[in-house]
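J.: Provided below for reference: sequence and predicted model.
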Amino acid sequence: MLKSERLKTILQVVKTQKFVTVDELARALKVSDMTIRRDLNELHKANKILRIHGGAQLLSDQIRTEKSYQQKREIHSKEKYEVAKRACNLIHENDSIYVGPGTTLELLVANLKVKHLRIVTNSLPVFEAAKDNMNDYDLIMVGGSYRRISGAFVGALANNELKTMSFSVGFVGVNGINDTSLTTANLEEGQTEGIGLDRSQIKFVVADYTKLDHSDFHQFYDLRNVDGLITNHGIEPELEKHYSQFTTIYK
């Protein structure tokens, strides 16, 4: 079957079933899972389907509103906790770290065990979680325009403050990673996170496995420019192989 025929068939299956998995398509079309992933990514980029973890669904079935950080706390909490605990092991005594917005990053700062640390964040929920940590950390809250839905401070004030700082390690979360694209729901929030990474000697992205092969509105950074992707131990081998082309996988 020619690629053009395969893409047409995939699109028809998605329209008929509204949701389809990579495995189902690979068996039906007698091609590899990786071929199907590439096809789905191509259709997603053409705005014909919505690429989600493990498959695809109709665009019309996607709830397009951004979830609040309170809502996100209830989603995949076990997976996020696992990722946060792994990230904690990459932080050392007397580091200065940048921590971006995100519910996984709230768990990261809440579970830190090192005694001496400087934490800089533009996220109010992350700041509150760090403040409640039993260790007396040096905390810096970066101000700016407040996004109530995510609890993040963004915009020129936040960006200019971050540009004056340097960090040992930077951590950001994402709404999705698709090939080399780190994506989020808001352009300004992504710009601020990008500056935080640029000012960090070592750069990490934290993402539970449900974020892989998924995209959101704004691409704010390139996976090839970070030092590591911190994710779940149970990541599918094929996904791990794919994303390890671009950066080191920590699990």
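T.: Thanks, I have it.

J.: which elements pack onto the helix or strand in which residue 203 is found?
T.: Assigned by DSSP states H and E, residue 203 belongs to strand 200-206. If you count contacts as 3 or more CB pairs under 8 Å, 6 or more residues apart in numbering; DSSP states H and E, strand 200-206 packs onto helix 77-88, helix 103-110, strand 167-173, strand 228-230. Where you see a C-beta, it was placed from the backbone N, CA and C, and this is true even at glycine.

J.: now what about that strand, what contacts it?
T.: 83-84, 87, 90, 97-98, 102, 104-105, 108, 166-174, 177, 182, 197, 221, 223, 225-231, 250 (CB atoms under 8 Å, 6 or more residues apart in numbering).

J.: tell me the buried residues within those residues.
T.: Neighbour-count burial (16 or more other CB atoms under 10 Å) applied to those gives 83-84, 87, 90, 97-98, 102, 104-105, 108, 167-174, 177, 182, 197, 221, 223, 226-231, 250.

J.: can I get the strand holding residue 203 as CSV, trimmed to CA atoms?
T.: The C-alpha atoms that make up strand 200-206 are tabulated as CSV, following Å, rounded to 0.1, in the frame of the first residue of the first chain:
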residue,chain,number,x,y,z
SER,A,200,20.4,26.7,33.2
GLN,A,201,23.7,24.9,32.9
ILE,A,202,21.9,21.5,32.9
LYS,A,203,18.4,21.3,31.4
PHE,A,204,15.7,18.7,32.1
VAL,A,205,12.1,18.2,31.0
VAL,A,206,9.8,16.2,33.2
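
J.: mind listing the strands it pairs with, and their directions?
T.: Sheet pairing of strand 200-206 (DSSP bridges) gives strand 167-173 (parallel), strand 228-230 (parallel).

J.: that strand - what's its average pLDDT?
T.: The predicted model gives strand 200-206 an average pLDDT of 98.

J.: same check, this time on stretch 177-193
T.: On average, stretch 177-193 scores 95.

J.: now stretch 34-50
T.: 87.

J.: next one: stretch 134-150
T.: Mean per-residue pLDDT for stretch 134-150: 96.

J.: and stretch 86-101, by the same measure?
T.: Stretch 86-101 comes out at a mean pLDDT of 98.
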